[in-house]
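[1] below are the sequence and a predicted model for it; my questions follow.
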Amino acid sequence: MTAAAAPSSAQPQRPLPPKQAVAEGFDGAVVSDTPESTQAGIDVLRRGGTAADAAVAVASTLGVTDPYVAGLGGGGYFVYYDAKTKKISTIDGRETTPAADTSKMFIDPATGQPYPFATAVESGRSVGVPGQLATWQRALQKWGNFSLADNLRPAEQVADRGFVVDQAFSDQTKEEATKLGQFSSSAKLFLPGGQAPAVGSVFRNPDLADTYRQIGRQGTGAFYGGSIGRDLVNTVQHLPLAKNATIKPITGPMQVSDLRAYQALDAAPTHVNYRGYDVYSMGPSSSGGITVGESLNILQNFDLSKMDTVQALHHYLEASRLAFADRNRYIGDARYVDVPEQQLLSPAFAATRACQIDPAKAGKSPVAPGNPYQTSGGCQTVPAASTSSNENHTNHFVVSDRWGNVVSYTNTIEQLAGSGITVPGHGFVLNNELTDFNFAPTQGTAPDPNLPAGGKRPRSSMSPSIVLQHGKPFLAVGSPGGATIITTVLQILVNRLDLGMTLPQAIAAPRASQRNAVTTSAEPGFIAQSTTPGLEALGQSFTDVGAIGTAAGLEFLPHGKILAAGEPVRRDGGTAAAVVSPR
């Protein structure tokens, strides 16, 4: 679509929507992590923007109000349903490794051993070439009504005038104060006077507002090779250490040429049919769509709706245990490794994995990967290897518009507060996405698909998903949470499609995440359920890890009505769900 004129930024500020977990209505909807970002999207939708326009407004505003999780310094995966063509497309905006990096980029030359994880995070070496801005531009080129400058304007306004600090933002700042304090630019922005902003105070980021304005005037070239990009590269090559910094200063090899070479990639979605629903998600470099899809294919061999709850949960846990074994062995950036996507998502392969599930006994992890190249002759496996996942914090939001277009978009800077490095004068934090690579081989004598290489995208678990029923949108869902994203999306789909829950119930339900580990990560509410003794009798064991994920979803009801659902409790009271016309 061509860019259309949007109204002036001098409009009066609308009151923010309440931070509510559920909303119903018509003409479009947004569910995101903060009221400011949800309102930015709703305002764009009301002005005639598409779901793609609103998604850029939401994402850029999250860069202001959720800066430790999102922003210009990161990347993500964008899944889009186009109501005109009735097709689902994806954009891979994952960060890339600088061209000069090698498979040994995280090996300490002084010891020959991998750097400690925290050392690698708080370094220029961990910073991948950001893909966020390129993703926004590509989405608008394909599906937008407004220009990039128009869609950045709500974020500029929030960054200029500020937002009221809530408990979640204050707590996150305190949690990451040591890391942020290592860098003078980060300490100046996020720890004024050496303290985290107090709850109820107003947090402003005029440098980020100016950066958005410059991109609006000059285009994405200002970032991918222009003055913003040069400042970013200089920051990675010359860390802005604070005077009292205690970290080992490891710089990165990123060049301006790496920024100029970056492309957000159009990619085919993954697809499986589950009980008559078509489930679409993100393919490699993400492992999310394949692993969710394989898990669903495995579960397709069982009728969960006719099982008691203990057996239904047991089968859910075992399916993800098996799918994660295959994820770790086979999935990486498909431009660099041969990912057997078609085989991993075939019902025939799923049948060879389903026969591994014993209804009377949990599998013993690490279970062996399957053999996707041999899908006959019973339960085929190959030697087991170790599991590995360094992913952590992300955010996810969903958008729909009056025409029926839908966005499911997960984005991240990796760890909470990323690398901890803020680009001086620009107000955004740089990612540490390259620590999502395996630092050293993990698969024994088999090739490791997730070792670094120049230009390669690290494997991700982000699983933004759109579900169609009879060719029309039924659900859009996703979650943050690193490797637990896969199990969160899977559990929500099972809750909704198999266990008779409504979408709000499916999102609110206690979660457990089995990722081919000896014990299953679980929320306290899951462990407290009456089903736990029965699961433990089957050999399932659980470790309390606190909250898992912060999901956001849309369900498309009859007669054009939309149900927008977020978290009622997680993230200190949930996400902000809103609709354009709440009637």
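    Here it is on my side, so go on.

[2] tell me if I'm right that residue 217 and residue 148 touch.
    No. Counting by C-beta atoms under 8 Å, residue 217 stays clear of residue 148, with 10.3 Å between them. Heads up, the C-betas are built off the backbone N, CA and C, glycines and all.

[3] look at those two and report which has more neighbours.
    Between residue 217 and residue 148, counting by other C-beta atoms under 10 Å, residue 148 is the more crowded of the two (23 against 9).

[4] list the contacts of that one.
    Counting by C-beta atoms under 8 Å, 6 or more residues apart in numbering, residue 148 touches 56, 136, 137, 140, 215, 216, 219, 220.

[5] from memory residue 510 sits against residue 525, does it?
    Yes. Counting by C-beta under 8 Å, residue 510 sits close enough to residue 525 to count as a contact (3.5 Å).

[6] what distance do you get for residue 131 to residue 438?
    21 Å (C-beta to C-beta, to the nearest Å).

[7] looking at those two, which has the bigger crowd around it?
    Taking other C-beta under 10 Å, residue 131 and residue 438 do not tie; residue 131 has more neighbours (28 against 24).

[8] list the contacts of the more buried one.
    Residue 131 neighbours (C-beta under 8 Å, 6+ apart): 74, 75, 76, 92, 93, 94, 95, 96, 262, 264.

[9] tell me which element residue 155 is part of?
    helix 148-161 (DSSP states H and E).

[10] what sits up against the helix or strand just after that helix?
    Next along the chain after helix 148-161, taking DSSP H and E as the criterion, comes strand 163-164. Residues from elsewhere that reach strand 163-164 (C-beta under 8 Å, 6+ apart): 34, 36, 64, 65, 200, 201, 202, 203.

[11] can you do 10 Å?
    Strand 163-164 is touched from outside by 16, 34-37, 61, 64-65, 169, 197, 199-205, with contacts defined as C-beta atoms under 10 Å, 6 or more residues apart in numbering.

[12] just the buried ones from those?
    16, 34-37, 61, 64-65, 169, 197, 203-205 (16 or more other C-beta atoms under 10 Å).

[13] could those residues go into a markdown table alongside secondary structure, distance to residue 499 and pLDDT?
    Converted to a markdown table, the buried ones among the contacts of strand 163-164 look like this (DSSP: H, G, I helix; E, B strand; the rest coil; distance: C-beta to C-beta, whole Å; pLDDT from 0 to 100):
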| residue | secondary structure | distance to residue 499 | pLDDT |
| --- | --- | --- | --- |
| 16 | coil | 34 | 60 |
| 34 | coil | 30 | 92 |
| 35 | helix | 31 | 93 |
| 36 | helix | 34 | 95 |
| 37 | helix | 31 | 95 |
| 61 | helix | 35 | 97 |
| 64 | helix | 38 | 97 |
| 65 | helix | 34 | 95 |
| 169 | helix | 34 | 92 |
| 197 | coil | 41 | 94 |
| 203 | strand | 41 | 96 |
| 204 | coil | 45 | 97 |
| 205 | coil | 43 | 98 |
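
[14] now the residues you listed as JSON lines including distance to residue 325?
    Shown next, in JSON lines, are the buried ones among the contacts of strand 163-164 (distance: C-beta to C-beta, whole Å):
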{"residue": "16", "distance to residue 325": "45"}
{"residue": "34", "distance to residue 325": "37"}
{"residue": "35", "distance to residue 325": "41"}
{"residue": "36", "distance to residue 325": "41"}
{"residue": "37", "distance to residue 325": "37"}
{"residue": "61", "distance to residue 325": "39"}
{"residue": "64", "distance to residue 325": "40"}
{"residue": "65", "distance to residue 325": "38"}
{"residue": "169", "distance to residue 325": "38"}
{"residue": "197", "distance to residue 325": "44"}
{"residue": "203", "distance to residue 325": "44"}
{"residue": "204", "distance to residue 325": "48"}
{"residue": "205", "distance to residue 325": "43"}
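
[15] ok, now which ones touch the residue nearest to residue 209 when sequence neighbours are not counted?
    In this structure, residue 209 finds its nearest non-sequential neighbour in residue 159, 3.7 Å apart by C-beta to C-beta, 6 or more residues apart in numbering. Applying C-beta under 10 Å, 6+ apart, we find residue 159 in contact with 60-61, 63-65, 67, 152, 203-213, 427.

[16] look up how far residue 111 lies from residue 159.
    Taken as C-beta to C-beta, the span from residue 159 to residue 111 is 43 Å.

[17] please apply the same query to residue 399.
    47 Å.

[18] between those two, tell me which one has more neighbours.
    More neighbours surround residue 399 than the other of residue 399 and residue 111, with 35 against 8 (other C-beta under 10 Å).

[19] for the closest residue to residue 528 other than its chain neighbours, helix, strand, or coil?
    Excluding the flanking residues, the one nearest residue 528 by C-beta to C-beta, 6+ apart is residue 510, at 7.7 Å. Put simply, residue 510 is coil when judged by DSSP: H, G, I helix; E, B strand; the rest coil.

[20] in this structure residue 510 contacts residue 491, no?
    Yes. If you go by C-beta atoms under 10 Å, residue 510 and residue 491 touch, sitting 9.4 Å apart.

[21] hey, what's in contact with both of the two?
    In contact with both residue 510 and residue 491: 526, 548, using C-beta under 10 Å, 6+ apart.

[22] distance between the ends of stretch 269-289?
    8 Å (C-alpha to C-alpha, to the nearest Å).

[23] scratch that, stretch 456-463 is what I was asking about
    For stretch 456-463, the end-to-end distance is 19 Å (C-alpha to C-alpha).

[24] swap in stretch 457-467?
    26 Å.

[25] pLDDT of it, averaged?
    The average pLDDT within stretch 457-467 is 95.

[26] starting at the chain centroid, how far to that stretch?
    7 Å (C-alpha atoms, centre = their mean, to the nearest Å).

[27] for stretch 103-120, same thing?
    26 Å.

[28] what does stretch 556-575 give?
    18 Å.

[29] name the residues of it that come out as buried.
    Buried residues in stretch 556-575 (16+ other C-beta under 10 Å): 556, 562, 563, 564, 565, 566, 567, 570, 571, 574, 575.

[30] and the residue nearest the centre of the protein?
    Centroid-nearest residue in the chain: residue 410, 3.6 Å away (criterion: C-alpha atoms, centre = their mean).

[31] before we move on, back to that, just want to know which of residue 510 and residue 491 has more residues nearby.
    A direct count of neighbours by other C-beta under 10 Å for residue 510 and residue 491 places residue 491 higher, at 29 against 15.

[32] number of nearby residues for the residue nearest to the more buried one when sequence neighbours are not counted?
    Using C-beta to C-beta, 6+ apart and skipping the chain neighbours, the partner closest in space to residue 491 is residue 511 (5.8 Å). Around residue 511 sit 25 other residues, with neighbours defined as other C-beta under 10 Å.

[33] where in this structure is the helix or strand with the lowest mean pLDDT?
    helix 570-573 (a mean of 72; mean pLDDT, DSSP states H and E).

[34] relative to residue 120, how far out is residue 89?
    34 Å.

[35] looking at those two, which is more packed in?
    A direct count of neighbours by other C-beta under 10 Å for residue 89 and residue 120 places residue 120 higher, at 22 against 18.

[36] let me know the helix or strand that that one is in.
    helix 117-121.

[37] next helix or strand past that helix?
    helix 132-143.
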